[in-house]
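K.L.:
Structure of the sequence below:
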Amino acid sequence: MNKAKIIGWLFGLSVFIFSICIKPEATCNDGWKSPSIGRQGACSHHGGVDYNSEYPLIGLIVGFFLYFLLNVKEEKKFISQSESKLELNVETAINTGRKITFLYKKPKDKTYHLRTIKPIKFVKFQHTYGNNFTFCVNGICDLRKSERNFALKRMKDLKIV
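P.N.:
The predicted structure follows:
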């Protein structure tokens with residue numbers, strides 16, 4: 001789970017909990033405004049306490065809105081990073097038919113490995129969970145002698161050969 005999702009969930013949950021705990025005005029079922037809500041027996045002669053269920057619902061809606069808003073900002077941030085010098089160099093190599101070399105680190109590796117590929121196109125992979133994606137370069141790998149995908153965020157020191 002990425003940082004934006006964690007922050008979105010925590011913020012949304014806190015808004016929801018806040019909306020349950022804080023109600024604008026406590027009332028009895030017959031409309032009587034009571035300062036005693038929360039005490040045992042409050043509103044017993046007025047038909048009980050009127051639990052305003054719309055406030056937690058509003059809190060839940062606002063919480064989910066903030067969660068999605070934070071994730072859209074994170075996605076836009078990722079898109080702007082993908083439009084960096086790295087992407088421009090890869091696009092230049094695709095247009096001129098040249099190879100690129102770069103250091104690449106798989107998610108479970110501890111070190112970077114030198115890779116050389118002939119880039120073909122950019123691809124965007126949707127993540128299994130959530131609404132995020134990974135921007136990749138598709139190309140023919142010299143090491144594996146086959147078509148592979150390489151995530152831009154795991155590349156560094158890219159050079160056009």
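K.L.:
ranges for the helices of this structure?
P.N.:
3-21, 54-82, 85-96 (DSSP state H).
K.L.:
Considering those, which stretch scores lowest in mean pLDDT?
P.N.:
Least confidently modelled of those is helix 54-82, at a mean of 59 by mean pLDDT.
K.L.:
my guess is residue 101 contacts residue 150, does it?
P.N.:
No. Contact criterion C-beta atoms under 8 Å: residue 101 and residue 150 do not qualify, at 11.7 Å. Placement of C-beta: from N, CA and C, glycine included.
K.L.:
For those two, indicate the residue with more neighbours.
P.N.:
residue 150 (21 against 15; other C-beta atoms under 10 Å).
K.L.:
Run a quick neighbour tally on the nearest residue to the more buried one once chain neighbours are set aside.
P.N.:
Spatial nearest neighbour of residue 150, chain neighbours left out: residue 137 (5.1 Å); criterion: C-beta to C-beta, 6 or more residues apart in numbering. Residue 137 has 25 neighbouring residues, counting by other C-beta under 10 Å.
K.L.:
how far away is residue 137 from residue 112?
P.N.:
Separation of residue 137 from residue 112 (C-beta to C-beta, to the nearest Å) stands at 16 Å.
K.L.:
what do you get for residue 143?
P.N.:
Using C-beta to C-beta, which is the criterion applied here, residue 143 is 14 Å from residue 112.
K.L.:
Looking at those two now, which is surrounded by more residues?
P.N.:
Remark: of residue 143 and residue 112, residue 112 carries more neighbours, 15 against 12, as counted by other C-beta under 10 Å.
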